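J.: just coords:
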């Protein structure tokens, strides 16, 4: 497996020169002390620890996997020590609140750390980011007492966190869960049930694991309106903060999976375990949704991260591997053959990866910006950003991971036969990223969340706001020399998005109950491509208006890549449009029995 | 892992009712005795042995993998016995010549056996089909003496075969191989060198393995014009046919791969091994190309096979898994939720798989028909078919395997989290099929073979012939009631294909040396989609003109699936067209150094 090198130059370009983060941060009281210098120092340190500590454990962890022995889960060699170093470096608490030991850093910045973390090692990254996610849910919904008791040790990485939602018969449909919560006399609850697919449900990285568990009270209403959320520690915590007795929480087995082999995916048994209510009774899903927007973006970033690693490694390989001659004559006359990077089809694979990865990074930062404004901002801007977070979260999760699989497959393909061999590391990227399209709500569920809850249920308001923002940008950028070739295809994409939104809304209002589901996946991709054209247009504007500080070679390559995206990749929207317009009948009219 | 059930009904429909194979066979003297009854009996027996013997070994083989211990390669439990049963059943010699123990069956039929074999177990299938492939090369190019000595034991499956082409520094670019062949006094050659990625290079299935090895004579011209082909047995064979001494052929190690874990991918060392020239000195690549058309179609079928397995298992799962309710109201009121097959997005995934798999099967049989007419036919028809084989082979290899990955990923996605868990079998399909896009010439190489050698180098003659055939079909089918909705999109696709062919040929003639490589991948996909529209139009014509004997439910689903393909999938051509027309500059002008 090649070394990972963090793409710092592009990160700085996106953060500072495209999104002008410093000005944004300094305009919001809570982030006013974050400036470019601090941000760059954090990125540099993040690059060091990920490149030197986290990345080298990835392939050995893939080969060794997690061990389960009579209920005891052991992570691969080196994982506990590395987790400790990450925790002690404060990387788990970057976006946590100051009160509980966090650093309250903006998400736009923190997500670039996450990108590096996942590019280095998705399996290791999950232990850290799920801990942050669980802490966020506790911080948002739990009592002060629970917060004070649990959060400092979670943000410091002394304890880990895990999310326990899925049961064997209840994945997407959480309303069907059976785990019970029976009130104890002391106000706590006895939690009993079995959860599956619990990432980091048990491991040897920390002395305690804090589970957030969805369960039902005995008298709870049926379905999703009867779900409550509980904090259930693996080991009980005494009032003085010391560890007490074990708590009836055990790992029944671990799953053997396609990838992320170093991540413990656990069957968790709760056997009358003591749990503490988080938030209100029967409102447990709300607590979960608080962290959902963060976690779903985080999963999206896994797609970006794997694609970035595949891109950089395939670039290196394409420069080194000598095979055949360029169609325009030998380029490496003294060698036995030319490097394969001279071949147009290899360049197609590299350019496609580059165009998606760099748009994806900008898009992730753009979503991070919305999260920051929704959290730290004020008034109308805050409200608008909160709507954008709603709209964009499913797109970030699904589109970044779909492009993640596509990118890793392209990168692997550049390696020819070597791409299929484990020691080269490319097959691990494909296997590891594949889960990101599935967990935290499958990409099909994301698409339905987008089309149903985020577009149709508010009559397309959010998407209209986004379209207006993009049109405003196009107007403001139109005066910049050389923008035309980028704005014109972007505007075409916006027109298509707008027309398709109206098409689906009208059809659904017209009584076609299946149209939303039938259109959801393709509509999400139309929105994804349109957003990427916006990201490319914003990047080119930063360059053409003289904002870039990255040098002429960088700027030139950006414009070339933007052009490639607009002309070669964006036309995908035309095919997606035809597909959406073909309606729902094509897939609904066929008999179930015909699917054989 | 679910049970595999061979799709016999669709196979019979395609073979007999779409392509009217019996009439074709009976018109050619060598195949005149093959009729529908015999073909169906072979399909039935093939289904039995694959469903009952081969498929059950797939998942255990995936988990156990191949063992290498001090040069000795051992396949997973049950493989030697199963291989023996397959061999004794004559399945390795189905298309072999009668003289040497084969059954001389038409490829149209044999490839349906191959589909079942690979759907059941790609890793196991490879040992058998590579033996047939090696035997074919020997039959086509070796001396009578070599044929008599080796072929009967290969077609009977007593001995296996392997193809030794790749070296560490020479994959695509075989001109760079270094393996030496030095003449011995007795007319044989001493072969010395190391080959990598040798599928079935060593194993415990047979008592001997017959290697076909590319090597260079000491005075050979440089590059691909100096390559000769040698037959090199693992164990020397005495004149009386008994086994003699071992032959300086050893397995240095096996690769650890993404998938096909039960297939031994070997590093093979030849240490002065005795080899016998096959064909003429320095013409070794010709011998290889003889089997290439068969092997590449066979690899394409691996894509189809994996997609078929994914399709049928995801259909079953979607019917059984209860989760959430249909958007048009509960469909399973007495149950806790509806089966997920009611959801439009799940149906999108199933319909997409179905549309590609059923077109792919028809396409494979269509290519098989061309191979048969090229082999058994006469005169102009034979000549035309030989041209079609040249043109379609790279499409069959690349398009079927690209759609194979797409299909297995869609099937896996239907399983949600369970799709990522090894015991469900879906992740194995994705991992196993991925190699099919890479080996036997990567799909990028296939695309360049298509665009360069099969289209540009003859001024588009082959593709013009195919276009004429498709237009003739459209004319002849236009009179059939109800064909319009299928012929009209197909004709649109043909127009696009024709225009793009002219665009690329003109650009290349105009001096753009990179245009062929830049267009190759997308052009191949345009041709693939166009051919699939032809396959769907042929299937609908068989139904609408009353040729189908499969019953009303079958016919109705076929028309619905064809409609889905035409309206929902075929528009992909529009995006591909824009991509091709964007030319080569977009990917060639960017500096190599910018790929970071």
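T.: Received, thanks. If you're wondering where the values come from, they're calculated on a predicted model, not measured in any experiment. Residues are numbered from 1 along each chain as shown, chains lettered A, B, ... in the order given.

J.: check contacts around the residue in the stretch 351-500 of chain A positioned nearest to chain B.
T.: Taking CB to the nearest CB, chain B has its nearest neighbour within the stretch 351-500 of chain A at residue A:427, 3.6 Å off. No exception for glycine: its C-beta is placed from N, CA and C like everyone else's. Residues near residue A:427 by CB atoms under 8 Å, 6 or more residues apart in numbering or on different chains: A:412, A:419-421, B:257-258, B:434.

J.: rebuild the residues you listed as a markdown table, extending it with distance to residue A:493, secondary structure and pLDDT.
T.: Rendered in a markdown table, the data for the contacts of residue A:427 read as follows (distance: CB to CB, whole Å; DSSP: H, G, I helix; E, B strand; the rest coil; pLDDT from 0 to 100):
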| residue | distance to residue A:493 | secondary structure | pLDDT |
| --- | --- | --- | --- |
| A:412 | 29 | helix | 98 |
| A:419 | 32 | helix | 98 |
| A:420 | 36 | helix | 98 |
| A:421 | 39 | strand | 98 |
| B:257 | 40 | strand | 98 |
| B:258 | 35 | coil | 98 |
| B:434 | 32 | helix | 98 |
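
J.: nearest to residue B:343 among the residues you listed?
T.: When these are compared for distance to residue B:343, the smallest value, 27.8 Å, is given by residue B:434; criterion: CB to CB.

J.: shouldn't the closest one be in contact with residue B:406?
T.: No: applying CB atoms under 8 Å as the test, residue B:434 and residue B:406 come out as separate, 11.5 Å apart.

J.: those two: which has the busier surroundings?
T.: Under the neighbour definition other CB atoms under 10 Å in any protein chain shown, residue B:434 and residue B:406 were set side by side, and residue B:434 has more, 28 against 17.

J.: gap between the more buried one and residue A:255?
T.: 21 Å (CB to CB, to the nearest Å).

J.: of all of the stretch 101-250 of chain A, which residue lies closest to chain B?
T.: Relative to chain B, the nearest point of the stretch 101-250 of chain A is residue A:173 (4.4 Å; CB to the nearest CB).

J.: helices along the stretch 401-550 of chain A, start to end?
T.: A:426-434, A:443-448, A:461-477, A:484-509, A:515-544 (DSSP state H, counting those that start in this stretch).

J.: next secondary structure after the longest one?
T.: Per DSSP states H and E, helix A:515-544 leads on to helix A:552-564 as the next helix or strand towards the C-terminus.

J.: the following helix or strand past that next one near chain B at all?
T.: Next helix or strand after helix A:552-564 toward the C-terminus (DSSP H and E): helix A:572-581. Yes: figure legend: helix A:572-581 in contact with chain B (CB under 8 Å from any CB of the partner chain); contacting residues A:572-575, A:578-579.

J.: among the helices of the stretch 401-550 of chain A, which is the most enclosed?
T.: Per residue and on average, the most neighbours among the helices of the stretch 401-550 of chain A fall to helix A:426-434, with a mean of 28 (mean count of other CB atoms under 10 Å in any protein chain shown).

J.: that helix vs helix B:426-434, what angle?
T.: 140 degrees (axes from the mean of the first three to the mean of the last three CA atoms, to 10 degrees).

J.: the stretch 251-400 of chain A against chain B: which residues are in contact?
T.: Contacts of the stretch 251-400 of chain A with chain B, taken as CB under 8 Å from any CB, map to A:255-259, A:312, A:315, A:318-319, A:322-324, A:327-329, A:336-337, A:341, A:343-351, A:354.

J.: drop anything exposed from the residues you listed.
T.: Among those, those scoring as buried are A:255, A:257-259, A:312, A:315, A:318-319, A:322-324, A:327, A:337, A:341, A:343-351, A:354 (criterion: 16 or more other CB atoms under 10 Å in any protein chain shown).

J.: in the stretch 151-300 of chain A, which spans are strands?
T.: Listed in chain order, the strands found in the stretch 151-300 of chain A under DSSP state E, counting those that start in this stretch are A:159-164, A:180-183, A:189-199, A:208-215, A:228-233, A:235-237, A:243-246, A:249-254, A:265-278.

J.: please name every helix or strand in contact with the second one.
T.: Read it as strand A:180-183. strand A:189-199 (3 or more CB pairs under 8 Å, 6 or more residues apart in numbering or on different chains; DSSP states H and E).

J.: do the strand it packs on and chain B meet?
T.: Yes: judged by CB under 8 Å from any CB, strand A:189-199 comes into contact with chain B at A:196-197.

J.: now that strand: buried residues?
T.: Counting neighbours by 16+ other CB under 10 Å, one finds that the buried residues in strand A:189-199 are A:189-193, A:195-199.

J.: by mean pLDDT, flag the weakest helix or strand of chain A.
T.: Lowest by mean pLDDT, DSSP states H and E among the helices and strands of chain A is helix A:284-320, with a mean of 92.

J.: that one packs against which elements?
T.: Applying 3+ CB pairs under 8 Å, 6+ apart, one finds that helix A:284-320 contacts helix A:107-120, helix A:122-141, strand A:159-164, strand A:208-215, strand A:228-233, helix A:344-376, helix A:379-414, helix A:426-434.

J.: ok, the fifth one: who's next to it in the sheet?
T.: Within its sheet, and counting by DSSP bridges, strand A:228-233 is paired with strand A:208-215 (antiparallel), strand A:265-278 (antiparallel).

J.: can you tell me what sits against that strand?
T.: Counting by CB under 8 Å, 6+ apart, strand A:228-233 makes contact with A:137-138, A:141-142, A:146, A:150, A:159, A:164, A:181, A:189, A:191, A:208-217, A:220, A:247, A:249, A:270, A:273-285, A:287-288, all of which sit outside it.

J.: that one to strand A:159-164, inter-axis angle?
T.: What separates the directions of strand A:228-233 and strand A:159-164 is an angle of 150 degrees, with the same axes, to 10 degrees.
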